Every structure is written in structure tokens, then in C-alpha cells.
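*Asks:* The following block contains a protein sequence and its predicted model.
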Amino acid sequence: MKIRLEVIKDVREICQQHKDEPSPLIVILEEVQKKYGYVPVELQEVISEETGVPAAEIYGVVTFYSFFSLTPKGKYVIHVCLGTACYVKNAQNVLDKICTILGIKPGETTEDGLFTIEAVRCMGACALAPAVSINGRVFPRVQATEVDKILNEYRSKEGK
Amino acid sequence: MEKILNPEALDQKIAECTEKLNDKLAGKGGKRAILVCGGTGCLANDSQPIFDKIAEELKARNLEDKVSVTRVGCFGMCSQGPFVKILPEDTLYCKVKPSDVERIMTEGIEGGKIIEDLLYVDPVSGEKIVHQSDIPFYKKQQKVALHGVSTIDPLVIDEALGCDGFKALRKVLTSMKPQEVIDEVLKSGLRGRGGGGFPTGRKWQFAANVNAPQKYIVCNGDEGDPGAFMDESMLEGNPYAVVEGMEIAGYAFGATEGYFYVRAEYPVAVARLKNAIAEMRKAGLIGKNILGTGWNFDVHLREGAGAFVCGEETALLNSIEGKRGMPRPRPPYPAIKGLWGCPTCVNNVETLAQIGYIIRVGGENFAKVGTEGSKGTKVFALGGKVNNVGLVEVPMGTTLRTLIYDIGGGIPGGKKFKAIQTGGPSGGCLTEKDLDTPIDYDTLVARGSMMGSGGAIVMDEDNCMVDVAKFYMDFICDESCGKCSPCRIGTKRIYELLTEIVEGRGTIETLEELKDLAKITKNNSLCALGQTAANPISSTMANFYDEYLAHIQDKKCPAHVCKSLSRYYIDPEKCKKCSACARACPVNCIKGVPGKEPYVIDQSKCIKCGTCMGTCKFGSIIHE
Ligand SMILES: Cc1cc2nc3c(=O)[nH]c(=O)nc-3n(C[C@H](O)[C@H](O)[C@H](O)COP(=O)(O)O)c2cc1C
Ligand code: SF4
Ligand code: SF4
Ligand code: SF4
Ligand code: FES
Ligand code: FES
């Protein structure tokens, strides 16, 4: 994969900003993940050059934590909560339904790059179980039958 | 805010802020105060637009001098939110929508009327309740860790100063020796609220006894138990109290730097904590020469990156150090050799939130509440099949019955209570027979569960306990860090066995194998994640063995949850041939002729999603 020069420059800058903090690797990775949506191997190498942490170790860290992703995510990231409070209120059915409609599995992205589905463990909105969030906007008490409507709202935003 | 240079300046500031906050809440000078819940639960339910609209309306109606509006932390009863509370009357409006604001302003604020349809309806008596203090949910609670949450604006340090903030810090810095602080906490009997229940004072004593140039205090805000959100609400509602607790801990055992580790899934908590730290820095309550006493303390914030095991203290330390979050063998304990090799105490958010109170009222007074071995109050996140889902803080020793029925308002829809899981994925379930047990650290363990961090998930007759056990195992398999094989392989194998059972392929031998594996995983894993991983299995097996047997021998799931053991079919007698179900089915497996032939489900294609059943208006579809 080819990474744009500006991005590489920016990532170097992010590393520089944190260079005086003790063990800043995860802080840097979180910033890159938040800004660009993923941390590909190419950027891990840049971070390795800047921080002196071996690239293999960085790869180990990136793959350990679920927050980091090696591939780009869709424009809309759908989080379906499978925390206990949501699970006992049929969140699995909601997740299954979204997967059936979009034709992908949790962790995957639709071909048009619009949606990524991720199963998460609790977003702290347990009273609104089952909870789904799309790019941070939380939908409370989602029923499997309402999923279509929610997805359509986003589809029509994109003219699809 | 200007820097507060010495203790006397702080006293003056506290006096001013306390008067201001009390006047606001008491409605001095005929003024009113509107509080809007700004906790994560209510924010997800449009509480921000509600707040904005109220502020807008106050301006438009020229009421800004007479009525204030504040966004506060969680009210606790999140399932009834968003909340709008009017003071000094103490009128509480529930499930408010942005479109209700107009009425609240015109009829409520200007017209002086109570808006009946926004009042809380007691699920037991069916009565409408006007005042928050009359709602049974709040009556049996006692707020210590949650002090200030739902009262103060978490973004405004003055409100914290008006709500007992920093009094304890002043007290320890000016009138107590570090050892005296530890003694006070020892006297209080406070045990860690993060799961282990280790006496906090003893932990601090260990670290205090080590002579080292650098020590750390770490606040564990990873809150990994899915379905628990106590720590979140404290960080969102009154972050100052937690930072103050951290500073007192640091003073007590000699740490001059503190790290917060908060899970990234809590963006609101992270933002408010960040703001609190910045405000305290400005006020000179963090940094060099705090209050002119010569004492220095610095605070840092790290966000978690999504790994349950990082809640385990040694894994958490590795994570702060930028490594994979794998547990370290203990000993050495962190109090001896922790962050970057320095003596470190890791304390939970709620533990630290209790410290200020202990210092203010004294350890002995704190210890008056609670049971023999568990002092003080505990916050629970009551979730699942209970009417009032939310956060509750009760004295240790409260019974489950009080928790579920008096405070929780019972089970919704007239369903039958089946079990309550405490302690999250490491805990176990308690049943009908345990309802009158006073809950504390020790009784819960004696009954095969544990306190954990305070997650309490209620399950009713529609939940399958084998499925619940499998759910926890799935979680643990995902989250096992893989360092040691009993946990990595053992949990995977347990998950496979449970899958066999829920799919109808289990035998009596499967159950025996499960029991063996549970023992092996428990006895041979490195950290508590693996050591406790099988608890949900052992406890559901002990309490619901007949449900396991039903899956194995009768190939039936009594709660109709396990898909392989249940089916949907259409009763031809009842079917009105309307075709609604066929159009709703995502896999097109229902066939019939509209108006002519009853509809039939092709069992070989049905994915048992239940959509058809929800669609049929005539109740013609049966699930068994
Ligand atoms: C798998 C695992 C997960 C844990 N998760 C948390 C957590 O999310 N929050 C927490 O405070 N403690 C958690 N703990 C307990 C911590 O290891 C530690 O005991 C605690 O933070 C100490 O603080 P306390 O003494 O104030 O309770 C966890 C332990 C294990 C084994
Ligand atoms: S018990 Fe599990 S989580 Fe703990 S160290 Fe071993 S593999 Fe990792
Ligand atoms: S349960 Fe789902 S898949 Fe099966 S018939 Fe009904 S709608 Fe179709
Ligand atoms: S929706 Fe109900 S009544 Fe209509 S065709 Fe289906 S089963 Fe029959
Ligand atoms: S369990 Fe789903 S939001 Fe907490
Ligand atoms: S978030 Fe509003 S009541 Fe809990």
C-alpha cells in the first residue's frame, strides 16, 4: 500500500509531540488510529523509526488491542454492543440482523466502503440496552425490526 | 481560575463556592435551577438538545436572571432518562424529549404547574411521583462515592469546590502526617472496589514501607465488566473527587505522580476528566507547591485501547508502559515493583472516590455503615431485566431483594425472576434462594459468586442460563491474552463444549468434561482472568443443572433461546394469509398464497431470527 507523504509527515510530527513522555507508543498509536482510522504496517514502520521501538514490537501491540485496526474502516462504523446488559436483551439478534442486511460479518467492511460492523463490549449506555452506535451516535433500545430504518437513514445521506 | 496560593485562600474559595451552590439549589431569592442529566445514557437519548433548547428558551423568555440551567452527571435511573429536574421544588421529569421543553418552560417554569405526563410512574403502585426524594428508587440509597454526581456541573471546578471538594486534600496537607492518613483509611476498613476487595490502607502501607525516590499511584478506570458503568458515571459526574482521592493516596504513601487509565469507550468520561485535571492545574491544586505547602503532585491520563485483561493491575501497568497488556507474574507485587519498576499502588475509581469522605468524616464514622467485613457503601450497576436499570449506591449488607425489588422496581412485564449475575465474567449467579442474603464481599463468595466491581445483571425466565454461560465464555476466549495455555486453550475448549450443548450435540460426558476443564483452568492459570474464567460455568451448573440436562437429554431449550433447539412455525388454523411475515423474512423462507393458502415456514432455510413473529399481527406464529 502506498501512503501519502503528508500522512507520513504528520505521523512523524505526532511522534515528535510525544517524544518527552515516558513510553508514549500507545498514545501515538491511538492518535494515529483516531485520525486516520487505521494503523497500517507502513505507518508502524514510520513510528518505529521515530520512537526507536522495534517494528515487530509495534505490530505486536497493534494486534493485541482491539482499538487498533490494520485495514481502513468504512465511512460509518457501526458498533453493536454485546455487553452483558445488552446481550440479555437480545443484542445478538440485532447484530445478526445488521450482518444479514449488509451481507458482512462483524469486523468486516461493506464493498462500497460505507459500513463497518463491529461487536463491542459495553459502551456505558447499558440502561438503553440493546445499544447500537454509528460513528459515536448512540441508538437506544434497538429492535431487530428497526435496523433497516436506521441503516436507510445513513444510506440516503449518501444517496444510495 | 486564579491560582489558590495557600490553605486560607482555599477556605475562602470553598466558602464562596459553597454558598453559591447552596443558594442555587435552595432557590435563594426566588430563583430556580434546572438540572439536566448529561450522563452517557441520557446523552444517547437527546439530553444535549434538551439542554440547548432550555438555554435558548431561557434567553428568549428573558428568564436568564431568574432561572439557571446546569448539565450534571448521571441521576442513576438511566432507563427513565433523560431527566430534567427543577429546583428548589425537586420536581423530576422523566423520559423528556426535546419537544417537551416548550411545555416545561410555559406550563412548568412560567405557569407554575406540574406536567403530569412527564412524571415518574412507580412500576409497583402505578402512582405518579412528583418529587425525586419520594421515589422509592432513591429512598434506600446512600450516596458517598456518588456524592456530587447529578448535582454539580462536572466541567466547572467552582461547583466541585461548593460540594465538599478539596476539603480533605486541605486537611491532609495541612494537618496530617502521611502515616496518619494511612491509619485513617485502615480504620475505615475500606476494601478495594475494583474486584479483589483488598484492604486499601494495607496496600498503601506496603508501598509506604518501601524506600524509593519515585513511586506512582495509578487509578484503574478500565471498567472491563461489560454491563457495568459505575466508574464511568463517577468520572463523568464528579471527576474532581476521584483526582482528589488520588492525590491523598499519593500523599499517604509517597507518590508524586499519578496515572489515570480510562477505557477509550468512554469518550465523555475522558473529556470531563481531562477538563478537571486542567482546571485543577490552573487552580494550583495539581502541580508544584500545592496550596503553598511545598508538596508536589502531577497527574497524567492514558486511554485504554480495548482489552479486558488490561483491567488486571499488572497488565494495566504493562499497557501504560506501551506494551502488550499481558499480566506479570506476582510477586513482586506492584506496591514493591510496579510502573517502570517503581513502587506503585493501583486503585479503582470508586475506591478513590470514597477517600475524600473518609478523611472528612473520619475512618470510624465511615466504618459505622456496612457489615463486619465490608464497610461503607457500594455502587452497583443494576442492569438487564429489571424495571429501573441504572446506578445505585447502597450500604454493604443490603439484600438482593431490596436491590432488585425495592430499588430496581422488580422485573418488567410481570416476568419471573431467574437469576442475578454479580462479579461480571469472573463472577457467578445467585438465585431466588439468595434473595435475602445481605450482600458483601464475603457472603457473595460463600454463595459461589463475588462482588467484582459492582455489575449486577438481572435475568428472567426468558434467559437461558446455558446460553448466558456460553456468552461469558465467548467473552473470556476473546479476551484471554494467550500468555498461559490453561487459560488460552482451556477457555476455548469450554466454549466448544458449551456450543455442543446449545446445539443439541451434548451428552452427559460433555458435562463431566466441562467440570474437569473448569477445575484445570481455575488451578493452573497465571492471572485472575483465567483463574476465575470458569466461575460462570460452575455457578450455572450448580444452580441450573436441570437446564443443562434439558439441552442434553430432551434436546430442548426451556427458555427458547438456543436457536438449534427451537423452531418457529405457523399455526395454519390461525393464519390469516396476509403475507406480512413472508415479506419481512430476511431469507425468504415463508411461502403461501395471499388470501388463499396459509403460510408455511421452510424449516431447512429458517435462520430463526424471529422477525416473522414480531411482524404477525394475529399471533399465528409459534416459537417452541
Ligand atoms: C481480568 C481482570 C480484570 C479486572 N478489571 C478491573 C477493572 O476493570 N477495574 C478495576 O478497578 N479493577 C479491575 N481488576 C482488579 C485489578 O486487578 C485490581 O485489583 C484493582 O484495580 C485494585 O484496585 P482496588 O484495590 O481499589 O480495588 C481486574 C482484575 C482482573 C483479574
Ligand atoms: S490467565 Fe489468561 S489472561 Fe491471565 S495471563 Fe494467562 S492467558 Fe493471560
Ligand atoms: S424466524 Fe426469521 S428466518 Fe425464520 S421464518 Fe421467521 S423471519 Fe424467516
Ligand atoms: S403474518 Fe401471520 S397471519 Fe399473516 S401470513 Fe404470516 S402467519 Fe399468517
Ligand atoms: S452492556 Fe451494552 S452498553 Fe453496557
Ligand atoms: S445517564 Fe442520565 S440518569 Fe444515568
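*Replies:* Arrived safely. Being a predicted model, the structure only gives us computed values, none of them experimental. Ligands and ions are numbered 1, 2, ... in the order given.
*Asks:* Just the pLDDT for the residue sitting furthest away from the middle of chain A.
*Replies:* Farthest-out residue of chain A from its mean C-alpha position, per CA atoms, centre = their mean: residue A:20, at 28.0 Å. According to the prediction, residue A:20 has pLDDT 92.
*Asks:* next one: residue A:1
*Replies:* So residue A:1 comes in at 66 (pLDDT).
*Asks:* Closest approach to ligand 1 from chain A, which residue is it?
*Replies:* Closest approach of chain A to ligand 1 (CB to the nearest ligand atom) occurs at residue A:122, with a separation of 10.7 Å. (Glycine included, C-beta is placed from N, CA and C.)
*Asks:* same deal with the stretch 101-250 of chain B?
*Replies:* Distances between the stretch 101-250 of chain B and ligand 1 by CB to the nearest ligand atom are smallest at residue B:192, namely 2.0 Å.
*Asks:* That residue reaches residue B:351, doesn't it?
*Replies:* Yes. With contact defined as CB atoms under 8 Å, residue B:192 and residue B:351 form a contacting pair (5.1 Å).
*Asks:* Spit out the residues that contact the two alike.
*Replies:* Residues touching both residue B:192 and residue B:351 (CB atoms under 8 Å, 6 or more residues apart in numbering or on different chains): residue B:200.
*Asks:* in the lowest-mean-pLDDT helix or strand in chain B, what counts as buried?
*Replies:* Across the helices and strands of chain B, mean confidence by mean pLDDT, DSSP states H and E is lowest for helix B:611-615: a mean of 87. In terms of neighbour count (16 or more other CB atoms under 10 Å in any protein chain shown), helix B:611-615 has its buried residues at B:611-613, B:615.
*Asks:* from what I can see residue B:265 touches residue A:125, true?
*Replies:* No. In this structure, residue B:265 is not within contact of residue A:125 by CB under 8 Å, at 10.1 Å.
*Asks:* and these two? which has more neighbours close in?
*Replies:* residue A:125 (29 against 25; other CB atoms under 10 Å in any protein chain shown).
*Asks:* tell me the domain boundaries of the chain?
*Replies:* No chain specified, so I'll use chain A. A:5-64, A:76-157 (automatic domain parsing).
*Asks:* My question was about chain B, not that one.
*Replies:* The domain map for chain B lists B:31-139, B:157-366, B:377-460, B:465-554, B:567-623, with the assignment taken from automatic domain parsing.
*Asks:* Which one of the residues in chain A is closest to ligand 4?
*Replies:* Closest point on chain A to ligand 4, by CB to the nearest ligand atom, is residue A:145, at 13.1 Å.
*Asks:* nearest residue to that residue other than its sequence neighbours?
*Replies:* Distances taken as CB to CB, 6 or more residues apart in numbering or on different chains put residue B:614 closest to residue A:145, at 5.4 Å, once the chain neighbours are dropped.
*Asks:* With residue B:28 instead?
*Replies:* Leaving aside its chain neighbours, residue B:28 sits nearest to residue B:22 (7.9 Å; criterion: CB to CB, 6+ apart).
*Asks:* element containing the one you found, please.
*Replies:* Using DSSP states H and E, residue B:22 sits within helix B:7-26.
*Asks:* which element follows that helix toward the C-terminus?
*Replies:* strand B:32-37.
*Asks:* Tabulate the CA atom coordinates of that next one in CSV.
*Replies:* Taking Å, rounded to 0.1, in the frame of the first residue of the first chain, the C-alpha atoms of strand B:32-37 are listed here in CSV:
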residue,chain,number,x,y,z
ARG,B,32,-35.0,28.4,40.2
ALA,B,33,-32.4,26.0,38.9
ILE,B,34,-33.0,23.4,36.2
LEU,B,35,-30.7,20.4,36.2
VAL,B,36,-30.4,18.3,33.0
CYS,B,37,-28.8,14.9,33.1
